[in-house]
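Trainee: This is the structure alone, sequence omitted:
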Ligand code: MOS
């Protein structure tokens, strides 16, 4: 019998296995592991955006009662490599951005550490800084590749000629601001250096325990086998915990400076805004050329973004445009401006989220210019094969998402003409739609082990991470079906480098990668032990490199429908209804999937209307660095949100048929909101977030 012939548990509506522990407070986040006699670390952050530290006086800090150590670049352990300057923590006097770690206090209490950190006197020789993204910047450059290894630029066909001969052209520039991930659990690492055993243990909040280990170990001249990373529960990450950041290094530095006692480093909410990554601001020019019937003849998507001078990060914002719609001529480009700013990094659907905001806004502008239904415009431009690679799609159900969503949302009869559309209560009400895509990704290398326990029970071991997405539960579901046993016969162990190697919980790749490894482990168990499994038997399996071998273009799709109500006097926008339909492969657990889709769309509405990290050009500081001033969508902001999905059976993606669902929900949502605002008011805002002032200035008042 082939694996997964019977799928009883995959697709079943199981509650989270970690739920009871979460609600009773027994699921430890990084700071909460019961450790004896802990110390506390509070970092000191640079107050200039560029310069050199001339003196650091830690005398006053050291005199605070309870202070055990103050680390600076003058006394911190030397690290082995400066290849990654983000991780080159307390190693030299240079300051590359405001909010960089320049010192750290270790004390007997968090309060003492914080008080003493305030007393560390740092003097700088300040240099002029440059923190503003401009497309005409003299240091503008072409990165060698963009995030996730994509080509920087692509061009096919005669784009200029296509645009020149097109019956209708949309040529607009869209801008998006810096955005910061704000997981509920701020980034935290607890370090413990055992001097006798020569082992470093990090209790971390991370999307990949093994990735933290393989980054940290060599920096400290340690073998990977000397480093343990433990993260059984993670309070959100969205990409900001996907790669180790400076705090992981700092936690190890202070732990080794004060051996044999655990040192807890929990960043404050404010610190997240300078050391834990953020979504780069973007400037995106979209050019669409079409015939009168809406057939695209040319697409160009040119992107300008920032990176930190100390480390390159190139968001792949134009990449989704490469495969989204058919057109004989297509161009995408990415340009970077290096600035004296914190290091940008991953934030839910890096590339796809800002890129599809611009692309799907432009498609709506084209629909308006043609006077056509924006759904029909998208359907008309459906490609038969992937325009980028020429490969067939493993499955592509974008049209089904649009059609199903249209029916559920009540799209028929919509007035496509943008205008002031007052409702009975005086608000201007309109609707919008956008399409969504996200690549199906599977990282090679995850290993999983299956142990046969007593009485028909099994244990799955894999170092995967559960960010709150449901990994504890879904991996058990996959294993149960592979083994042909009920869910409650399967235990799961995750989130620890003591377990077999696992790749990152990122790029919506988790279930695809870890689930595949589990299937391979079950296959090996059967091969090695037959069907008569005795307690004590064990087997391991490894997820191979599927994408390299695949002849298919593999993507998830979605369509978001949004209704907005705009206050004609204040310009305030509310979002009474959001509805998304997704085609994202086999859904392992509908309850958990719904929460991923809804979470993604909520973050998309938040992107559209509120989230904006404000950089003060004079200080190089993200000034609204807390949850009072950086507004993340709350329950009150999201009155009604529905997530639906198409039953999709894609045999090519992997044996489970899963595509990954962590990011598809956010992609497209911001464009759907912007398109709805335009439909309601006739005002097109091309600069996120769509705040009331922009709506009023756009001609509402
Ligand atoms: Mo997600 S931004 O790939 O962790």
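Mentor: Good, I have the coordinates. These numbers come from a predicted model, not from an experiment. Residues are numbered from 1 along each chain as shown.

Trainee: which residues touch the residue of the stretch 1-150 of the chain at minimum distance from the ligand?
Mentor: Taking C-beta to the nearest ligand atom, the ligand has its nearest neighbour within the stretch 1-150 of the chain at residue 148, 8.6 Å off. For every residue, glycine as well, the C-beta is placed using N, CA and C. Contact partners of residue 148, counting by C-beta atoms under 8 Å, 6 or more residues apart in numbering, are 316, 319, 350-351, 441, 507.

Trainee: which of those residues lies closest to the ligand?
Mentor: residue 507 (4.3 Å).

Trainee: That closest one against residue 440, yeah?
Mentor: No: Residue 507 is beyond contact range of residue 440, at 9.6 Å (criterion: C-beta atoms under 8 Å).

Trainee: Need the residues touching each of the two.
Mentor: Taking C-beta under 8 Å, 6+ apart as the criterion, residue 507 and residue 440 both touch residue 660.

Trainee: Run a quick neighbour tally on the residue of the stretch 51-200 of the chain found nearest the ligand.
Mentor: Taking C-beta to the nearest ligand atom, the ligand has its nearest neighbour within the stretch 51-200 of the chain at residue 181, 8.2 Å off. Neighbour count of residue 181, defined by other C-beta atoms under 10 Å: 25.

Trainee: Wait, it touches residue 239, no?
Mentor: Yes: at 6.4 Å, residue 181 counts as touching residue 239 under the criterion of C-beta under 8 Å.

Trainee: and for the two, which residues touch both?
Mentor: Joint contacts of residue 181 and residue 239 (C-beta under 8 Å, 6+ apart) are 277, 347-348.

Trainee: can you narrow these to ones near the ligand?
Mentor: Filtering these for proximity to the ligand by C-beta under 6 Å from any ligand atom leaves 347-348.

Trainee: Residue 636 - that's part of a helix, no?
Mentor: Yes: counting by DSSP: H, G, I helix; E, B strand; the rest coil, residue 636 falls inside a helix.

Trainee: Next one: it from the ligand, what distance?
Mentor: 26 Å (C-beta to the nearest ligand atom, to the nearest Å).

Trainee: hang on, the earlier thing: kindly reformat the shared contacts of residue 181 and residue 239 as TSV containing distance to residue 30.
Mentor: Converted to TSV, the shared contacts of residue 181 and residue 239 look like this (distance: C-beta to C-beta, whole Å):
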residue	distance to residue 30
277	17
347	20
348	21
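
Trainee: Rebuild the shared contacts of residue 181 and residue 239 as a markdown table, extending it with pLDDT and neighbour count.
Mentor: Formatted as a markdown table, the shared contacts of residue 181 and residue 239 follow (pLDDT from 0 to 100; neighbours: other C-beta atoms under 10 Å):
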| residue | pLDDT | neighbour count |
| --- | --- | --- |
| 277 | 98 | 27 |
| 347 | 98 | 26 |
| 348 | 98 | 25 |
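
Trainee: JSON lines for the shared contacts of residue 181 and residue 239, including secondary structure?
Mentor: Formatted as JSON lines, those follow (three-state DSSP):
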{"residue": "277", "secondary structure": "coil"}
{"residue": "347", "secondary structure": "coil"}
{"residue": "348", "secondary structure": "coil"}
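
Trainee: Among the shared contacts of residue 181 and residue 239, which one sits closest to residue 290?
Mentor: Nearest to residue 290 out of these is residue 348 (C-beta to C-beta; 30.8 Å).

Trainee: do you know how far the spatially closest residue to residue 415 that is not a sequence neighbour is from residue 414?
Mentor: Excluding the flanking residues, the one nearest residue 415 by C-beta to C-beta, 6 or more residues apart in numbering is residue 421, at 6.8 Å. Distance of residue 421 to residue 414, given as C-beta to C-beta, to the nearest Å: 10 Å.

Trainee: The ligand contacts on the chain?
Mentor: 207, 238-239, 242, 346-348, 350, 506-507.

Trainee: what do you get if the cut-off is 5 Å, keeping everything else the same?
Mentor: Counting by C-beta under 5 Å from any ligand atom, the positions of the chain adjacent to the ligand are 239, 242, 346, 348, 506-507.

Trainee: out of the residues you listed, which one sits closest to the ligand?
Mentor: For those, the nearest to the ligand is residue 239 (2.4 Å; C-beta to the nearest ligand atom).

Trainee: Provide the secondary structure category for the closest residue to that closest one other than its chain neighbours.
Mentor: Closest residue to residue 239 apart from its sequence neighbours, by C-beta to C-beta, 6+ apart: residue 346 at 3.0 Å. Judged by three-state DSSP, the three-state class of residue 346 is coil.

Trainee: what mean pLDDT does the strand or helix carrying residue 598 have?
Mentor: Counting by DSSP states H and E, the element that carries residue 598 is helix 590-609. For helix 590-609, mean pLDDT is 98.

Trainee: Neighbouring strands of the following helix or strand past that helix in the sheet, and parallel or not?
Mentor: The element immediately downstream of helix 590-609 (helix or strand, assigned by DSSP H and E) is strand 615-616. Here strand 615-616 is paired, per DSSP bridges, with strand 621-622 (antiparallel).

Trainee: hmm, back to that, now the common contact residues for residue 421 and residue 414.
Mentor: With C-beta under 8 Å, 6+ apart as the test, residue 421 and residue 414 both reach residue 679.

Trainee: got TSV for the contacts of residue 148, with pLDDT too?
Mentor: As requested, the contacts of residue 148 are exported to TSV (pLDDT from 0 to 100):
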residue	pLDDT
316	98
319	98
350	98
351	98
441	93
507	97
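
Trainee: okay if I get those as JSON lines plus neighbour count?
Mentor: Compiled in JSON lines, the contacts of residue 148 are given as follows (neighbours: other C-beta atoms under 10 Å):
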{"residue": "316", "neighbour count": "25"}
{"residue": "319", "neighbour count": "27"}
{"residue": "350", "neighbour count": "29"}
{"residue": "351", "neighbour count": "28"}
{"residue": "441", "neighbour count": "22"}
{"residue": "507", "neighbour count": "25"}
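
Trainee: Tabulate those (CSV), appending secondary structure.
Mentor: Below are the contacts of residue 148 laid out as CSV (three-state DSSP):
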residue, secondary structure
316, coil
319, coil
350, coil
351, coil
441, coil
507, coil
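
Trainee: ok so, going back, mind giving me the packing neighbours of the helix holding residue 598?
Mentor: With contacts defined as 3 or more C-beta pairs under 8 Å, 6 or more residues apart in numbering; DSSP states H and E, helix 590-609 has these neighbours: helix 352-370, strand 555-566, strand 573-583, strand 641-645, helix 669-681.

Trainee: contacting residues around the fourth one?
Mentor: With C-beta under 8 Å, 6+ apart as the contact definition, strand 641-645 has outside contacts at 404-405, 408, 577-584, 587, 593-594, 597-598, 601-602, 665.

Trainee: show me what contacts residue 384?
Mentor: residue 326.

Trainee: what's the answer for residue 665, then?
Mentor: 436, 558, 580, 582, 596-601, 603-604, 643.

Trainee: For it, give its distance to residue 387.
Mentor: Distance, residue 665 to residue 387, using C-beta to C-beta: 24 Å.

Trainee: Check residue 167 too.
Mentor: Going from residue 167 to residue 387 by C-beta to C-beta gives 21 Å.

Trainee: okay, those two: which has more neighbours?
Mentor: More crowded of residue 167 and residue 387, by other C-beta under 10 Å: residue 387, with 22 against 14.

Trainee: Could you say which helix or strand holds that one?
Mentor: Counting by DSSP H and E, residue 387 is part of no helix or strand.

Trainee: Next up, phi/psi of it, please.
Mentor: Dihedral pair for residue 387: phi -60, psi -30, per degrees, to the nearest 10.

Trainee: The ligand versus that one, what's the distance?
Mentor: Going from residue 387 to the ligand by C-beta to the nearest ligand atom gives 24 Å.

Trainee: circling back: got a list of what the residue of the stretch 51-200 of the chain closest to the ligand touches?
Mentor: Contacts of residue 181 (C-beta under 8 Å, 6+ apart): 236-240, 272, 276-278, 347-348.

Trainee: how about a cut-off of 10 Å?
Mentor: Contact partners of residue 181, counting by C-beta atoms under 10 Å, 6 or more residues apart in numbering, are 187, 236-242, 272-273, 276-279, 345-348, 603, 611, 632.
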